[in-house]
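> My questions concern the predicted model and sequence given below.
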Amino acid sequence: MHTAAFVQRLARARIGATFNFYREGGAADLRRARLREYLEVHARCSLLLVGEAAGYRGARISGIPFTSERQLTGEGPAEATATIVRRTLAELEIEALCWNVVPTHPGTERSNRRPTRDEVGAAYPFLAELAAGRRILAVGRLAAAVTGGGYIRHPSHGGAAEFRAGLLRFAAGGRL
């Protein structure tokens, strides 16, 4: 995969009514640069951890899946899911490339919504490109349905312990 071309295609993409923060907004250039660097650093990861969609406090601002601005810079909004996912991956020493079924943000500046079937379809080529040759772990039911990957409970709404247990089973070589 040619990372710069992938990020440029993503920036040009129209994925339903989602907000493409790689194209729009004052920090779009910064988010594209961060994503390019992130994808290059994780290019050799054999594991792809896939969530539902970019969150309004997470990737919409940081440009990196399952990552909040506060995790990158110490400032800006924190996002609970990003904090739990990154902390658990580090604790269990699991290296993974993180992505979302829909890499752009469905929702508003202050809310998330579930992506539509058409948005999932429009975003699928990006997921398929990153999934090629990798083992997939799906965080949440939508990601599991789309990818067919091993299901891990999403950490939101009280699911942090189950998320950790799912990753622990994977790290120990168990079935998901």
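Yes, it's here.
> List the buried residues in the least confident helix or strand in the chain by mean pLDDT.
Ranked by mean pLDDT, DSSP states H and E, the helix or strand of the chain with the weakest confidence is helix 160-171, at a mean of 91. For helix 160-171, the neighbour count (16 or more other CB atoms under 10 Å) marks 160, 163-164, 166-167, 170 as buried. In this view, the C-beta of every residue, glycine as well, is placed from N, C-alpha and C.
> Can you pull the poorly scored residue ranges out of this structure?
By pLDDT under 70, the low-scoring segments of the chain are 174-176.
> which residue sits closest to A11, ignoring its sequence neighbours?
Y22 (4.2 Å; CB to CB, 6 or more residues apart in numbering).
> what's the burial count for that neighbour?
24 (other CB atoms under 10 Å).
> Next up, the contacts around it.
7, 10-11, 28, 31-32, 35, 63, 104 (CB atoms under 8 Å, 6 or more residues apart in numbering).
> For A160, give its distance to Y38.
Look at A160 and Y38: by CB to CB, to the nearest Å, they are 23 Å apart.
> quick one: strands adjacent to the helix or strand harbouring C98?
Here C98 sits within strand 97-102, counting by DSSP states H and E. When pairs are called by DSSP bridges, strand 97-102 turns out to pair with strand 47-53 (parallel).
> Just the angle for the partner strand relative to helix 160-171, thanks.
Going by axes from the mean of the first three to the mean of the last three CA atoms, to 10 degrees, strand 47-53 is angled at 150 degrees with respect to helix 160-171.
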